[in-house]
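**Student:** 3D, please:
(one chain, ligands or ions: 1)
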Amino acid sequence: MTLSLRALTKSYAGRLALAEVDAELPAGGYTCLMGASGSGKTTLLRIVAGLERQDRGSVLLDGRPLDDLPAERRPVHTLFQDYALFPHLDAADNVAFAPRLLGLRGRELTARVRALLADVGLDMSFETRKPAAMSGGEQQRLALARALAGEPRWLLLDEPLAALDRPLRAGLRRLLRDVTRRRGLGCLHVTHDPEEALALADRLLVFGGGRLLAAGAPAALYAAPPSLPVARLLGEITPEPGGDGWLRPEHLRLAVGGASKDMSPSTCPEDHALNDMPHGPADLPRGSGASDRPAARALGTVRAVACLGDRWEVEVDIGGRVHLSRVPGDPRCGPGEPACVTWDRARVLRFAGHEP
Ligand SMILES: Nc1ncnc2c1ncn2[C@@H]1O[C@H](COP(=O)(O)OP(=O)(O)OP(=O)(O)O)[C@@H](O)[C@H]1O
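**Tutor:** Prediction:
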């Protein structure tokens with residue numbers, strides 16, 4: 001069921017929270033909403049859920065307006081960061097609530113509840129546990145099972161993974177993707193986490209000040225963001241050395257070690273580049289041989305080195321300005337050492353009217 005948002009507008013006490021938002025979200029698609037705090041993401045989700053009424057505009061499912069349907073009659077279910085489970089019911093009864101309303105009873109009901117719990121990775125030992133006796137990750141799995149139990153056409157997710165720690169978040173993110181794809185369930189998911197949005201979404205809507213700033217495929221927006229605020233929301237950027245553009249830190253290649261003290265830009269050891277753009281989107285050219293070597297380079301001094309777990313970050317001072325380079329392995333360098341950075345000019349992001 002295609003979800004259409006038409007000129008949605010909402011103000012609170014004269015202040016615009018949403019301004020003329022138009023979007024067409026295809027059935028079965030996974031859409032993430034990103035934007036700075038206060039940009040209107042939750043307001044949009046609440047309007048679609050029927051928990052808030054827009055001042056103007058319309059929400060349609062397959063062309064039929066939902067605007068006059070109360071929240072409980074809309075074919076959507078909302079998953080919240082705080083799970084919003086029934087605290088007095090055990091896990092099985094939390095999940096059984098919606099199927100009972102749909103008329104299921106007895107063995108059929110038990111089988112349905114077990115299948116839903118199994119789908120989200122909760123075995124039979126959880127059935128009699130109340131939410132308070134479950135961990136945060138387990139409660140969010142239960143909340144997902146309860147959401148699926150009502151057979152909604154769209155799942156609305158308001159930062160559902162934000163309260164969980166990083167490894168749990170990654171596991172639940174994959175679970176979300178798998179169970180919603182298997183069912184062809186449409187999802188509208190608010191997140192602050194670019195990694196989450198890039199991993200889950202096939203469509204991304206970026207908000208700023210209640211307006212839709214950008215819409216498109218996540219990898220394409222990451223590679224070619226239309227504006228500086230959109231570029232920053234999707235990941236860190238670093239100034240182009242000596243220029244007025246920007247680069248993703250993984251596109252600023254680094255060469256240190258083995259370099260002589262008198263290393264100069266003309267002797268910059270580009271063949272020793274430590275990072276070979278492994279994180280870059282696949283649809284852009286990658287430097288692979290002598291013919292398409294990076295066209296630009298600069299010499300600087302290592303200012304700091306930090307291990308980020310799966311990659312390392314090196315701060316390089318070039319002419320008094322700090323630039324970030326991210327490399328996949330230990331760069332084996334330290335503060336004060338000379339470093340050469342190289343980059344492919346095709347990777348430089350430029351935005352009208354923004355000086356670094
Ligand atoms: N019930 C309300 N009464 C008054 N103002 C509100 C209400 N709900 C939201 N707002 C205001 O509307 C704007 C948009 O809020 P909203 O919660 O949609 O932003 P958000 O993008 O979800 O932010 P966050 O990422 O911090 O959750 C903000 O300025 C907020 O203060």
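
**Student:** CA only for contacts and neighbour counts going forward, please
**Tutor:** Fine.

**Student:** state the pLDDT value of Gly353.
**Tutor:** For Gly353, the pLDDT comes out at 71.

**Student:** my bad, Asp310
**Tutor:** For Asp310, the pLDDT comes out at 86.

**Student:** quick one: the closest residue to it other than its chain neighbours and the ligand, what's the gap?
**Tutor:** Of all residues not flanking Asp310 in the chain, Pro328 sits nearest, at 6.8 Å (C-alpha to C-alpha, 6 or more residues apart in numbering). Counting by C-alpha to the nearest ligand atom, to the nearest Å, the gap from Pro328 to the ligand is 31 Å.

**Student:** I figured Pro328 was touching Leu308, is that so?
**Tutor:** No: the pair Pro328 and Leu308 does not pass the contact test of C-alpha atoms under 8 Å, sitting 9.7 Å apart.

**Student:** so if I had to pick from these two, which one is more boxed in?
**Tutor:** Pro328 (19 against 11; other C-alpha atoms under 10 Å).

**Student:** buried residues, the top helix by length along the chain. List them.
**Tutor:** Ranked by residue count, the top helix of the chain under DSSP state H comes out as helix 166-183. Buried residues in helix 166-183, counted by 16 or more other C-alpha atoms under 10 Å: 169-170, 172-173, 175-177, 179-180.

**Student:** list the contacts for the most centrally placed residue in the chain?
**Tutor:** Nearest to the mean C-alpha position of the chain, by C-alpha atoms, centre = their mean, lies Ala197 at 1.8 Å. Residues in contact with Ala197 (C-alpha atoms under 8 Å, 6 or more residues apart in numbering) are 32-34, 191, 204, 218.

**Student:** what is the longest helix of the chain packed up against?
**Tutor:** helix 136-149, helix 194-200 (3 or more C-alpha pairs under 8 Å, 6 or more residues apart in numbering; DSSP states H and E).

**Student:** recalculate using a threshold of 6 Å.
**Tutor:** Helices and strands touching helix 166-183, as assessed by 3 or more C-alpha pairs under 6 Å, 6 or more residues apart in numbering; DSSP states H and E, are absent.

**Student:** contacts for it next, please.
**Tutor:** Leu161 (C-alpha atoms under 6 Å, 6 or more residues apart in numbering).

**Student:** so where do the strands sit in the stretch 201-350 of the chain?
**Tutor:** 203-208, 211-216, 238-239, 246-247, 253-255, 296-307, 312-318, 321-327, 338-343 (DSSP state E, counting those that start in this stretch).

**Student:** weakest of those strands in terms of mean pLDDT?
**Tutor:** Mean pLDDT values for these show the minimum at strand 253-255, a mean of 88.

**Student:** packing partners for it?
**Tutor:** strand 338-343.

**Student:** ok, the strand it packs on: who's next to it in the sheet?
**Tutor:** strand 253-255 (antiparallel), strand 296-307 (antiparallel) (DSSP bridges).

**Student:** can you redo the ones you listed as a markdown table with mean neighbour count and distance to Tyr12?
**Tutor:** Converted to a markdown table, these look like this (neighbours: other C-alpha atoms under 10 Å; distance: least, C-alpha to C-alpha, whole Å):
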| stretch | mean neighbour count | distance to Tyr12 |
| --- | --- | --- |
| strand 253-255 | 25 | 47 |
| strand 296-307 | 19 | 44 |
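
**Student:** need these in TSV (columns: distance to Arg73).
**Tutor:** Output for those, formatted as TSV (distance: least, C-alpha to C-alpha, whole Å):
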stretch	distance to Arg73
strand 253-255	54
strand 296-307	50
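
**Student:** and of those strands, who's closest to the ligand?
**Tutor:** strand 296-307 (28.6 Å; C-alpha to the nearest ligand atom).

**Student:** what angle separates the closest one from strand 321-327?
**Tutor:** 70 degrees (axes from the mean of the first three to the mean of the last three C-alpha atoms, to 10 degrees).

**Student:** of the contacts of Ala197, which is the nearest to Gln81?
**Tutor:** Thr191 (10.4 Å; C-alpha to C-alpha).

**Student:** count of neighbours near the residue nearest to the closest one when sequence neighbours are not counted?
**Tutor:** Nearest in space to Thr191, with sequence neighbours left out and distances taken as C-alpha to C-alpha, 6+ apart, is Glu159 at 5.1 Å. A count of nearby residues for Glu159, using other C-alpha under 10 Å, gives 18.

**Student:** wait, Glu159 sits on Gln81?
**Tutor:** Yes: between Glu159 and Gln81 there is a contact at 5.3 Å, judged by C-alpha atoms under 6 Å.

**Student:** list residues touching both of these two?
**Tutor:** Counting by C-alpha under 6 Å, 6+ apart, nothing touches both Glu159 and Gln81.

**Student:** may I see the domains of the protein written out as residue ranges?
**Tutor:** Structural domains annotated on the chain: 3-230, 236-347, as defined by automatic domain parsing.

**Student:** which of those has the lowest average pLDDT?
**Tutor:** Minimum mean pLDDT among the domains of the chain: domain 236-347, a mean of 76.

**Student:** quote the end-to-end distance of it.
**Tutor:** End-to-end distance of domain 236-347 (C-alpha to C-alpha, to the nearest Å): 14 Å.

**Student:** that older thread, helix 136-149 and the longest helix of the chain, what's the angle between them?
**Tutor:** 10 degrees.

**Student:** ok, then the element right after helix 166-183?
**Tutor:** strand 186-190 (DSSP states H and E).

**Student:** can you get me a residue count around Gly319?
**Tutor:** 12.

**Student:** how near is it to the ligand?
**Tutor:** Counting by C-alpha to the nearest ligand atom, the gap from Gly319 to the ligand is 37 Å.
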